[in-house]
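Novice: Here's my sequence, what's the structure:
(one chain, ligands or ions: 1)
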Amino acid sequence: MRFRLSFAQGGSRRAVVWSIAQALDARQAALRNDSRAVSWTIEVDEARSQLVALPRRPDPRFDYRVAHLPASSHPTLAAIMARVAAPQPGERVWDPFCGCAAELIECSRLADALRLIGTDRDPQAIAAARANVEAAGLDPARVRIEEVDVYAGSPAKADVILTNPPMGRRTALAGGLHASLRRFVSHAARTLSPGGRLVWVTPAAQVTAAAGAAAGLRVRDHGSIDMSGMRVVLQEMRR
Ligand SMILES: C[S@@+](CC[C@H](N)C(=O)[O-])C[C@H]1O[C@@H](n2cnc3c(N)ncnc32)[C@H](O)[C@@H]1O
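Specialist: Numbering: from 1, shown residues only. Sure thing, here's the model as predicted:
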C-alpha cells in the first residue's frame, strides 16, 4: 500500500508529516512510501480522532471498470470480498447478482485458471459485466456472463459464491428482504461444494447467520461496512 497523509482541517503540516514518516520507518519499514506512486490518501481528521483511507482517483488497479451501475459495489469492497473468499486455482466462482462483475474480476487477480460465472437479471448489468470482463483481459473461455434470474441460472456446484446481493426497497416490497435473504442462503448452501464458501455483504447479519447455521454452514462475520449510508456485515459461510 502506498499513501500520502493529508489533514481534514487543512494545511500541509510538513514537520508533523516528517515526524510521522520517521516514526513509521522506524517501526514498520514496509510502510515506507515512494510519494510519486501513491494510490491512497490517508486523511487525518483530528476533530473526530479518525483516519480515513481514500483511494486515489483514478486508481490504476481498477482500470478494468469501464462500466458500472448505480448499485455497483465500490471497487475496494469488491477487492476485499475477493480476498476474504481467497479463491484457489481452478475453482468455480459464481456471483449470482453480478452487476458489473467487479467481484469476479477481483477474484481473477488472485488465482489462475478460475472458472467465473456471473448471472444477473438486468440486461444493463450484463452489458456492463461483459464490457468490464473484456477490459480486464480475462480469457473468454473461462468466463460465463448470463442474463438470468438467480434461481434459474445457478451452476450445479460452486466452490465460491461471492456477491453483493440486492437489498433495496424494491426487494423488500417484493416479498420481504429477510425472506429473500434467507431463501438465498439456503439455495447457496445447496449449491456450494464441500469446503465451498459464500462470501457476501448482508444487511441482516443475524438473520442470515441463523439461516446459514440451519443449512449446516459455519458462519463467520468479518466486521461491518458502511456502504454509502447502509450498514452491512461482510459475512462468510463455509460448507
Ligand atoms: C447490489 S447489485 C450488485 C452489484 C455488483 N456487485 C456490481 O458491482 O455491479 C445487485 C444486483 O442484483 C441483480 N438482481 C436483483 N434481483 C435479481 C434476481 N432475482 N436474479 C438475478 N439478479 C438479480 C440486480 O440487477 C443488481 O445488478
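Novice: and the closest residue to Leu31 other than its chain neighbours, what element?
Specialist: Leaving aside its sequence neighbours, Leu31 sits nearest to Leu24 (C-beta to C-beta, 6 or more residues apart in numbering; 5.0 Å). Every C-beta, even on glycine, is put in place using the N, C-alpha and C of the backbone. Per DSSP states H and E, Leu24 falls inside helix 14-27.
Novice: Check the average confidence over that helix, would you?
Specialist: Mean pLDDT, computed over helix 14-27, is 91.
Novice: just checking, Val201 touches Leu162?
Specialist: No - counting by C-beta atoms under 8 Å, Val201 sits too far from Leu162 to count as a contact (10.2 Å).
Novice: what do those two both touch?
Specialist: Met81 (C-beta atoms under 8 Å, 6 or more residues apart in numbering).
Novice: The two: which is more packed in?
Specialist: Leu162 (26 against 23; other C-beta atoms under 10 Å).
Novice: Bridged to that one, which residues?
Specialist: With beta bridges defined as DSSP bridges, Leu162 has these partners: Val199.
Novice: from what I can see it touches Gly196, true?
Specialist: No - using C-beta under 8 Å, Leu162 is not in contact with Gly196, being 10.9 Å away.
Novice: ok, the most centrally placed residue in the chain to Asn164 distance?
Specialist: Centroid check for the chain by C-alpha atoms, centre = their mean gives Ala78 as the closest residue, at 2.2 Å. Using C-beta to C-beta, to the nearest Å, Ala78 is found at 8 Å from Asn164.
Novice: Overlap in contacts, the two.
Specialist: Common contact partners of Ala78 and Asn164 (C-beta under 8 Å, 6+ apart): Glu103.
Novice: Measure how buried the residue of the chain found nearest the ligand is and give me the count.
Specialist: The ligand sits closest to Gly99 of the chain, with a gap of 2.1 Å, by C-beta to the nearest ligand atom. For Gly99, the count of nearby residues is 28 (other C-beta under 10 Å).
Novice: correct me, but it touches Arg130?
Specialist: No - assessed by C-beta under 8 Å, Gly99 is found out of contact with Arg130, at 12.0 Å.
Novice: re the thing from before, skipping its backbone neighbours, what lies nearest the residue nearest to the centre of the chain in space?
Specialist: Counting by C-beta to C-beta, 6+ apart, Ala78 lies nearest to Ala102, which is 3.6 Å off, once chain neighbours are set aside.
Novice: tell me the contacts of that neighbour?
Specialist: Arg65, His68, Ser72, Ser73, Pro75, Ala78, Asn132.
Novice: filter these down to the ones near the ligand?
Specialist: With C-beta under 6 Å from any ligand atom as the criterion, these include Ser72, Ser73 near the ligand.
Novice: Secondary structure and pLDDT added to the contacts of Ala102, as JSON lines?
Specialist: Shown next, in JSON lines, are these (DSSP: H, G, I helix; E, B strand; the rest coil; pLDDT from 0 to 100):
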{"residue": "Arg65", "secondary structure": "coil", "pLDDT": "94"}
{"residue": "His68", "secondary structure": "coil", "pLDDT": "94"}
{"residue": "Ser72", "secondary structure": "coil", "pLDDT": "94"}
{"residue": "Ser73", "secondary structure": "coil", "pLDDT": "94"}
{"residue": "Pro75", "secondary structure": "helix", "pLDDT": "90"}
{"residue": "Ala78", "secondary structure": "helix", "pLDDT": "96"}
{"residue": "Asn132", "secondary structure": "helix", "pLDDT": "98"}
